[in-house]
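Visitor: sequence and predicted model, in that order:
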Protein chains: 2
Amino acid sequence: MKTRSAKKSLILQEAAKLFREKGFGGTSMRDLAEKVGIEAASMYNHIRSKDEILEEICFGVGRKYDEQLSEIERQEISYPSKLELLIAFHVQMIIEDGAAVSVLNNDWKFLSAEKMTEFKTMRKEYEKHFAALLKQGMEQGFFKPMNVSIALFTILSALRWVELWYKPSRGVSKEDLAKDISALLMNGIKA
Amino acid sequence: MKTRSAKKSLILQEAAKLFREKGFGGTSMRDLAEKVGIEAASMYNHIRSKDEILEEICFGVGRKYDEQLSEIERQEISYPSKLELLIAFHVQMIIEDGAAVSVLNNDWKFLSAEKMTEFKTMRKEYEKHFAALLKQGMEQGFFKPMNVSIALFTILSALRWVELWYKPSRGVSKEDLAKDISALLMNGIKA
DNA sequence: TGAACTAACTAACGTTTGTTAGTATTTGTA
DNA sequence: TACAAATACTAACAAACGTTAGTTAGTTCA
């Protein structure tokens, strides 16, 4: 049970890296096996199928987002503070587990029909809670009154670029990064 | 020459739609041929290879972005106006040719090694010009002084979501959409 | 010691892949 | 109407795909 799940974790971790690089369809089980250090067939002692790998990555990281959002909702702080915490969390996730986040964002469309439905439901739920946070912030006068959907997706999308761009080598700490993105989204670019 | 390039255009157009749905690797030449209405082998009377399809889409739409950015740079208007025009153009491209934009954004990594280098150069050049626009706007006091890279990528990424989200059915005109996104990026969300 | 379990291996399976060869059919032009 | 070019077809290719079968070596524990 200990060694087994360690090897499975390794498979999932290497899979996430390869999926990010070459996409789900572009990654073969033989590619993956080579990274893991065993033969392709041997992986089937640890996983049921290639699809299962994708599912575990997508729903594993998805659950983390859900849990953190719930945690933030629970806290008794202002809405701008909640939004800042959420932005910081998104940045942190990308920096600490960027490959898995990339799979969540880009490869969910290769999930089987049923799992894809489940995934979309999960994502829609997340967006609904995020939107509620923005809406309540507007109603209480902390945020400008505006189209909530547009605000939501503009913010979510702005956060996604970190995954495409961030490299530890660039010498920007994740705290600074989160702070600068927060500042732009909160206060805009116009002087 | 006339009929031929019309069929080739159809192939490129259907390919873009399929690549957006299922990715480059997930789309087979037989899938594509069915959409075009001919046999897979027959497509080779019009195109050289699957790779060529990807290249034509990526560089075709890339060139449009370059040309429009040059056009905006040439105009004698304020930097906030330039940025607004550029934002509106990005929104318009996605609405009018979303499939091709999606391929540009997501499938460029399946370009051959040499074409990928060329593509990255093109993209870097675009980003350089976009960044210069922001930087000059800051220096002249129109924009807040801030990290130019972070501003650039936050804006570019915020624009990308339109492709993931926009459906003509939602009843938001492209003008309103562009205006609302501009407003958030320019002035922020905080009241 | 020996039975049960784990996790690796090789070999092979049936499909699907992009692409080519060779041939027929349609289309435009003289 | 006839010739040529363009464009479609069928058949097949070698390679790569995910996965299964069958086997072997090593570990755990009664």
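Guide: In hand now; what should we look at? Numbers count the residues shown, from 1 in each chain, chains lettered A, B, ... in the order given.
Visitor: near chain B at all, the helix or strand harbouring residue A:162?
Guide: Taking DSSP states H and E as the criterion, residue A:162 maps to helix A:148-165. Yes - using Cβ under 8 Å from any Cβ of the partner chain, helix A:148-165 comes into contact with chain B via A:149-151, A:153-161, A:164-165. C-beta: built from backbone N, CA, C; applies to glycine.
Visitor: go on, stretch A:183-191?
Guide: Yes - Stretch A:183-191 lies within reach of chain B by Cβ under 8 Å from any Cβ, at A:183, A:184, A:185, A:186, A:187, A:188, A:189, A:190, A:191.
Visitor: contact partners for the third one?
Guide: When you say that, I think you mean residue A:185. Residues in contact with residue A:185 (Cβ atoms under 8 Å, 6 or more residues apart in numbering or on different chains) are A:87, A:154, A:155, A:158, B:154, B:184, B:188, B:189.
Visitor: show me the helices in chain A, by range?
Guide: Under the criterion DSSP state H, chain A carries helices at the ranges A:2-22, A:29-36, A:50-74, A:79-106, A:113-139, A:148-165, A:174-187.
Visitor: quick one: closest of those to residue B:61.
Guide: Among the helices of chain A, the nearest to residue B:61 by Cβ to Cβ is helix A:148-165 (17.9 Å).
Visitor: stretch A:121-132 near chain B at all?
Guide: No - using Cβ under 8 Å from any Cβ, stretch A:121-132 never reaches chain B; the gap is at least 10.2 Å.
Visitor: I'd like the average pLDDT over that stretch.
Guide: The average pLDDT within stretch A:121-132 is 98.
Visitor: and what of stretch A:183-191?
Guide: Per-residue scores along stretch A:183-191 average to 85.
Visitor: so how far is the first residue of that stretch from its last?
Guide: Stretch A:183-191 has an end-to-end distance of 12 Å (criterion: Cα to Cα, to the nearest Å).
Visitor: show me which residues of that stretch are buried.
Guide: For stretch A:183-191, burial by neighbour count (16 or more other Cβ atoms under 10 Å in any protein chain shown) applies to A:183, A:184, A:185, A:186, A:188, A:189, A:190.
Visitor: so for chain A, the centremost residue is which one?
Guide: residue A:101 (3.7 Å; Cα atoms, centre = their mean).
Visitor: just list the residues touching that residue, thanks.
Guide: A:61, A:93, A:94, A:163.
Visitor: out of the residues you listed, who's nearest DNA strand D?
Guide: Nearest to DNA strand D among those is residue A:61, at 20.7 Å by Cβ to the nearest atom of the strand.
Visitor: which residues does that closest one contact?
Guide: A:93, A:97, A:100, A:101, A:103, A:104.
Visitor: pLDDT score for residue A:165?
Guide: pLDDT recorded at residue A:165 is 81.
Visitor: ditto for residue A:96
Guide: pLDDT at residue A:96 comes out at 94.
Visitor: ok so, going back, so the residue nearest to the centre of chain A versus DNA strand C, what's the distance?
Guide: Counting by Cβ to the nearest atom of the strand, to the nearest Å, the gap from residue A:101 to DNA strand C is 27 Å.
Visitor: repeat for residue A:176
Guide: Distance of residue A:176 to DNA strand C, computed by Cβ to the nearest atom of the strand: 41 Å.
Visitor: ok, now residue A:158?
Guide: Residue A:158 is 34 Å from DNA strand C, by Cβ to the nearest atom of the strand.
Visitor: touching, that residue and residue B:160? I think so.
Guide: No - using Cβ atoms under 8 Å, residue A:158 is not in contact with residue B:160, being 9.3 Å away.
Visitor: more crowded one of these two?
Guide: Between residue A:158 and residue B:160, counted using other Cβ atoms under 10 Å in any protein chain shown, the more crowded position is residue A:158 (26 against 21).
Visitor: and the pLDDT at the more buried one?
Guide: Per-residue confidence (pLDDT) for residue A:158: 91.
Visitor: residue contacts, it?
Guide: Counted by Cβ under 8 Å, 6+ apart, residue A:158 has contacts A:181, A:184, A:185, B:154, B:155, B:157, B:158.
Visitor: now do residue A:93
Guide: Listed by Cβ under 8 Å, 6+ apart, the contact partners of residue A:93 are A:61, A:64, A:65, A:101.
Visitor: which of those residues lies closest to residue B:136?
Guide: residue A:101 (33.6 Å).
Visitor: does DNA strand D sit close to the lowest-mean-pLDDT helix or strand in chain A?
Guide: Within chain A, confidence by mean pLDDT, DSSP states H and E is lowest for helix A:2-22 among all helices and strands, at a mean of 86. No - remark: helix A:2-22 sits outside contact range of DNA strand D, by Cβ under 7 Å from any atom of the strand, the gap being at least 8.1 Å.
Visitor: in contact with the closest residue to residue A:189 other than its chain neighbours, which residues?
Guide: In space, and not counting its chain neighbours, residue A:189 is closest to residue B:143: 4.9 Å by Cβ to Cβ, 6 or more residues apart in numbering or on different chains. Contact analysis of residue B:143 by Cβ under 8 Å, 6+ apart lists A:189, A:190, A:191, B:79, B:80, B:134, B:137, B:151.
Visitor: beta partners for residue B:143?
Guide: Residues in a beta bridge with residue B:143, per DSSP bridges, are residue A:190.
Visitor: from residue B:119, how far off is it?
Guide: Distance, residue B:143 to residue B:119, by Cβ to Cβ, to the nearest Å: 29 Å.
Visitor: tell me how many other residues surround residue A:59.
Guide: 18.
Visitor: for the closest residue to residue A:95 other than its chain neighbours, what are its contacts?
Guide: Computed as Cβ to Cβ, 6+ apart, the closest residue to residue A:95 that is not its neighbour in sequence is residue A:174, at 4.9 Å. Taking Cβ under 8 Å, 6+ apart, we find residue A:174 in contact with A:91, A:92, A:95.
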